[in-house]
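In: With the sequence up front, the predicted model follows.
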Amino acid sequence: MTSISSSPLPRLRDLPLIAALVCAACYVGVDGDGLSTGASETAEQTSSASASASTASGPGTASSGATESGGSSDSDSDSDSGSDSGLSAGSTGTSGESSISDGSASDGSTGDGSTGDATTTGDGTTTTGDGTTGDGTTTGDGTTGDDTTGGDSGGGDDNTTPEGVCMRWNYDLSTTTPGSWTGSVAGCDAGDYVGGGKSSSTTLVNLYRWLADLPPVPLNQANSAKAQECALMMHANGTLSHSPPMSWKCYTADGAAAAGKSNIATTAGTASVGLYMLDPGNPTTIGHRRWILSNSLGSVGIGSTSNYSCMWVIGGGGQGMSSFTAWPAPGPFPIAAKVDSTGWTVQSDSINLGNATVKVTSGGMDKPMKVTTLLANYGSAYAISMIPQGWQSEAGKIYKVELTGVQPPITYEVEFVDCS
């Protein structure tokens, strides 16, 4: 089974999305959702109900404890065993799946500005510099030519029309490669993730950010080197942890530091990106996705073996200015990237979504949603998820989403398109 863990430590289960991007049949389980201590799953409600959170102690509560919405600490850190947050491999019970953990990371709240891996606002939403000074995650630091990807793509830049979106989507997916690992557990050789693996992973991160109207981020080579040691440690020990002990095989201080600031998975780097975006097994945080779509994300560090990977996401320095970010994103959106099974999301650093009432309609018909207020500070200060009840997204249809009970109210439309 494959598992993934992000700095906030959420997990992913199955990823019907993007088989082209990621290995088909990969299951994502995230360990360490980075829930705040004692914080539990938030209440789930239908679209007509307000999205206020409850405090039941659910699975996936992260021991590291997310910090308050201001997000200065690492809320995402689940218990890092790979099973926390219910996302660990097998948490869903699907064989052959992978688990993911969205980097819990209390360790980032200081210094490298990781400020709470999972905490969206804190974790670098650029406020309190938590991370803007970061361990090199600030824009560009350590990036080098061919592996930076930036945001330039031969697929074009028009995300306002179905044709433009499909052109970019298909082009970027066609240029990605699975990459390969040059190291080995024998001798604790971290090696490198070559064959285009790091650049492909960065391309996919920026493809998703482009769809959401967020600025691209560069690959941080310094953090990638540490993330490579993180991936080796996970591989050598056969599990995921955001706080690996010194007794671990192949332990290094740099690898441990990266573990606390990364989304981590039991699947290789390129394949993990789509899993993080689906983020199965993390219903109380959806922290992996929120980190990738965070305003505070300034760069990524990519490390991978053949079966484990770490994506450094905490540190701040991001240039995102979105008042809110929705997924699926407003406008034309590839149906292949739909997230009906794990939930649509809206996240914000400035709009408190805790009392949001959600209404979704298509063709004049109400589309019921189960709404959940997500835990704070996993890449954003506030967030909610919305899971379709009794219906599925369809290509060729437009869905209007309205959030009231928040200031200011939020309204947008999603048009699903078939890019095949």
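Out: Cool, got the structure.
In: I'd guessed A225 sits against T252; true?
Out: No - with contact defined as CB atoms under 8 Å, A225 does not count as touching T252 (10.7 Å). Glycine gets a C-beta too; all of them are placed from N, C-alpha and C.
In: Point out where the stretch 101-250 of the chain drops to low pLDDT.
Out: 101-153 (pLDDT under 70).
In: in it, which spans are helices?
Out: 145-148, 162-175, 197-211, 221-237 (DSSP state H, counting those that start in this stretch).
In: With mean neighbour count and distance to S385 as added columns, please give those helices in JSON lines.
Out: Shown next, in JSON lines, are these (neighbours: other CB atoms under 10 Å; distance: least, CB to CB, whole Å):
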{"stretch": "helix 145-148", "mean neighbour count": "15", "distance to S385": "32"}
{"stretch": "helix 162-175", "mean neighbour count": "18", "distance to S385": "23"}
{"stretch": "helix 197-211", "mean neighbour count": "26", "distance to S385": "17"}
{"stretch": "helix 221-237", "mean neighbour count": "27", "distance to S385": "27"}
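In: Distance to I351 added to those, as JSON lines?
Out: Listed next are the helices of the stretch 101-250 of the chain as JSON lines, based on distance: least, CB to CB, whole Å:
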{"stretch": "helix 145-148", "distance to I351": "32"}
{"stretch": "helix 162-175", "distance to I351": "26"}
{"stretch": "helix 197-211", "distance to I351": "19"}
{"stretch": "helix 221-237", "distance to I351": "30"}
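In: For A190, find the nearest of those helices.
Out: helix 221-237 (4.3 Å; CB to CB).
In: helices or strands up against the closest one?
Out: strand 193-194, helix 253-259, strand 262-265, strand 301-304, strand 309-312 (3 or more CB pairs under 8 Å, 6 or more residues apart in numbering; DSSP states H and E).
In: Swap in 7 Å and give it another go.
Out: Helix 221-237 is packed against helix 253-259, strand 262-265, strand 301-304, strand 309-312, with contacts defined by 3 or more CB pairs under 7 Å, 6 or more residues apart in numbering; DSSP states H and E.
In: Direction included, what does the strand or helix carrying I384 pair up with?
Out: Element membership for I384, per DSSP states H and E: strand 382-388. In the sheet, strand 382-388 lines up against strand 344-348 (antiparallel), strand 369-373 (antiparallel) (DSSP bridges).
In: Give the next helix or strand downstream of the first one.
Out: Scanning forward in sequence from strand 344-348 by DSSP H and E, the next helix or strand is strand 357-362.
In: Now do the buried residues in that following strand.
Out: T357, V358, K359, V360, S362 (16 or more other CB atoms under 10 Å).
In: Now do I384 against E402, distance only.
Out: Relative to E402, I384 is positioned 13 Å away (CB to CB, to the nearest Å).
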